[in-house]
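> return atomic coordinates for the entry below.
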Amino acid sequence: MTDAARALYFQGPRSVTVSEEPRPSPDTDEVLLETVVSGVSPGTELLVYEGKVPEELAVDETIDTLEGTFDYPVQYGYAAVGRVMATGANVDDSWLDELAFAFNPHESHFTANPAALEPVPDGIDPETATLFPTAETAVNFVLDAAPRIGERVVVFGAGPIGLTTTALLSTFPLDSLTVVDPVADRRSLAESFGATATTTPEGLRGIDWGDPAGADCCVEVSGNPNALDDAIRTVGYDGRVVIGSWYGTKSAELDLGGRFHRERIDLRSSQVSTIAPADRGRWTKDRRMDRAVDAVREHDLGRLVTHRIPFGDASAAYELLASEDDALTTVFTYDDA
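Residues are numbered from 1 along each chain as shown. Here you go, the predicted structure:
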């Protein structure tokens, strides 16, 4: 059917379907895009697949295309790259055939206001462009971490977000940048992204940081609640822990009765939907995204795309991310219809 579209729905825990629907038409102020690829998040999206998010929580109140709550059935996904195939009456025809990124759920065709699109610059391929939100999230973490000259910084987790955060932190004049992950291949990859040292969670506990004791800053992006207690244990007096992980409905058991209380440890939540109040005078979401696009190019983030799966086999992507340590970023391809 030439006038059909396909859309992915999370129907329940570990249940997704790809349904055929009428192809949307652009309103006068919109364009119609045909999706080329869309990125599958191994963090939040995997939580949705596994049924580990609060169903009553809004999907994302800051993005128009992600309305509603996580109550099933729900559409999700936020890294679509498509080509404009039609324009509304009030949209300049120069948009036709433009390749653009959008925060849009997984679906083969969608409409959008051009103001909500991020044109993909020359030299960046569609798969790599699906990493714009990964880089944007990492920029947000670094803004919240606010690294200072000579500091010891530790990143927990060497998934796509952790590796991108590592790449950005490696540009600062730190004393050390340590990445913690239980998977050896991911630790090796972290070194290629600029880590000065890598270790396992068990190995981290044996490190002698010298004087003053402990790390200055930890960035927890592993998605593992147990890592948060390790991060609190790792920072020294007056250290700070930036929590970028979303644990969903998974509980984090923390030991807050000892040195946490005495040593003025700062726990900061960081999430990309908003910019920290202290930075809003100088930073906007547009400025942050511009920096993210630069980071995608400067750090060759396309190497994080490890798997490509036809959209019609969508459930295979989630099972892959849930079971394989070598799966970093997976993209859906849409030329299988």
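
> quick one: mean pLDDT for stretch 174-186?
When pLDDT is averaged over stretch 174-186, the result is 97.

> next, the buried residues of that stretch.
Leu174, Ser176, Leu177, Thr178, Val179, Val180, Asp181, Pro182, Arg186 (16 or more other Cβ atoms under 10 Å). All C-beta atoms are positioned from the backbone trio N, CA, C, and that covers glycine.

> for the first one, give me phi and psi.
What it means is Leu174. Per-residue torsions, Leu174: phi -90, psi 160 (degrees, to the nearest 10).

> go on, the fourth one?
Thr178 adopts backbone torsions of phi -100, psi 130, taken as degrees, to the nearest 10.

> check the buried residues of stretch 174-186 and tell me the two furthest apart.
By the measure Cβ to Cβ, Leu174 and Pro182 form the most distant pair in the buried residues of stretch 174-186, at 23.3 Å.

> which strand residues bridge Val31?
Bridge pairing for Val31 (DSSP bridges) gives the partners Thr87, Ala112.

> pull up the gap between Ser176 and Phe101, please.
Per Cβ to Cβ, to the nearest Å, Ser176 is found 34 Å from Phe101.

> no no, Asp71
As judged by Cβ to Cβ, Asp71 and Phe101 stand 27 Å apart.

> okay, these two: which has more neighbours?
Phe101 (25 against 12; other Cβ atoms under 10 Å).

> pLDDT of the helix or strand harbouring that one, averaged?
According to DSSP states H and E, Phe101 maps onto strand 99-102. Averaging pLDDT along strand 99-102 yields 98.

> so which residues make contact with that strand?
Contacts with strand 99-102, where a contact means Cβ atoms under 8 Å, 6 or more residues apart in numbering, come from 33, 36, 65, 79-84, 110, 112, 116-120, 126, 129-130, 132.

> may I have the strands that pair with that strand, each with its orientation?
Strand pairing for strand 99-102, determined by DSSP bridges: strand 80-87 (antiparallel), strand 118-119 (antiparallel).

> pull out the buried residues from it.
Residues Leu99, Ala100, Phe101, Ala102 are the ones in strand 99-102 that count as buried (16+ other Cβ under 10 Å).

> of the residues you listed, closest to His307?
Checking these one by one against His307 (Cβ to Cβ), the nearest turns out to be Phe101, at 19.7 Å.

> phi and psi next, for the closest residue to Glu20 other than its chain neighbours.
Nearest non-adjacent residue to Glu20, counting by Cβ to Cβ, 6 or more residues apart in numbering: Ala4, 5.2 Å away. Taking degrees, to the nearest 10, you get phi -100, psi 160 for the backbone angles of Ala4.

> ok, His261 next?
Main-chain torsions, His261, degrees, to the nearest 10: phi -70, psi -40.

> mind checking how far it is from Pro212?
For His261, the distance to Pro212 (Cβ to Cβ) stands at 19 Å.
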